[in-house]
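In: Okay, predicted coordinates and the sequence, questions at the end:
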Amino acid sequence: MAALPAERHIVVGRIAAAHGIRGWLRVVSYTEPPEALLGYRGWRLRHADGAEVDCQPRDAEWDGRFLRVALQGVDDRNAAEGLRGCEVLVQRAELPSLGAREHYQEDLLGCEVRNQADVLLGTLQQFVDTPATAVMVVRGERGEYWIPAAPPHLRRVELEQRRVLVDWPEDF
């Protein structure tokens, strides 16, 4: 695995843990369906400290909850443990085209979030996956809001203006 210069990549998964003693990994996929992550031949792994390395999956299987993946050059549990928590990224150019009113979550990070009364709630910091739906975490002067990222709460995305309109009270 060799470090490469920064290119336009997008997060599509996360390494949850080592699996077994031969360097396999349990990977949480953010793609739909989850096993679609295996269709991307080149992965970039981003460590918590921001360091990135490129790698290639050499074998994989889906167990119904996680992908179990063996990466080239990762041959034992110690090497696999060193990758725990890494984000899995792929080149944006490899991602499928989006339809109307579809957006990648990563593109919405940093957008201002306003409610229907045009009150600025804050900036979209991250998404948290819950069993029901993804939730937008918005931080602003009045605190933190956790807003479901689906109708009827998510009303409109204005990507060019870097703005998200939600149906959410400012005092919730």
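Out: Cool, the structure landed. Numbers count the residues shown, from 1 in each chain.
In: contacts and neighbour counts: CA atoms only from here.
Out: Fine.
In: so where's the protein uncertain?
Out: By pLDDT under 70, the low-scoring segments of the chain are 1-7.
In: what residues go with each domain of it?
Out: 9-93, 105-166 (automatic domain parsing).
In: residue boundaries of the strands in the protein?
Out: 9-19, 24-29, 43-46, 52-55, 57-62, 67-71, 87-91, 112-115, 120-129, 134-140, 143-148, 154-158, 163-166 (DSSP state E).
In: Give me the residues contacting the third one.
Out: In other words, strand 43-46. Contacting residues not belonging to strand 43-46 are listed as 52-57, 86-90 [Cα atoms under 8 Å, 6 or more residues apart in numbering].
In: ranking those by neighbours, who comes first?
Out: Counting neighbours by other Cα atoms under 10 Å, Val88 leads the contacts of strand 43-46 with 25 neighbours.
In: Show me what the residue nearest to Arg68 when sequence neighbours are not counted is bridged to.
Out: Closest residue to Arg68 apart from its sequence neighbours, by Cα to Cα, 6 or more residues apart in numbering: Arg26 at 4.8 Å. With DSSP bridges as the criterion, Arg26 is bridged to Ala17, Arg68.
In: Settle this for me: Val157 is touching Ala150, isn't it.
Out: No: in this structure, Val157 is not within contact of Ala150 by Cα atoms under 8 Å, at 11.3 Å.
In: okay, now Phe127: neighbour count?
Out: Around Phe127 there are 19 residues (other Cα under 10 Å).
In: which residues touch the spatially most central residue of the chain?
Out: In the chain, the C-alpha nearest the mean C-alpha coordinate belongs to Val11, at 4.4 Å (Cα atoms, centre = their mean). Residues near Val11 by Cα under 8 Å, 6+ apart: 87-90, 106.
In: Distance of it relative to Pro148?
Out: 20 Å (Cα to Cα, to the nearest Å).
In: now swap in Leu95 and tell me
Out: Distance from Leu95 to Pro148, by Cα to Cα: 24 Å.
In: Looking at these two, which is more packed in?
Out: Each of Leu95 and Pro148 has its neighbours counted (other Cα under 10 Å); Pro148 has more, 22 against 13.
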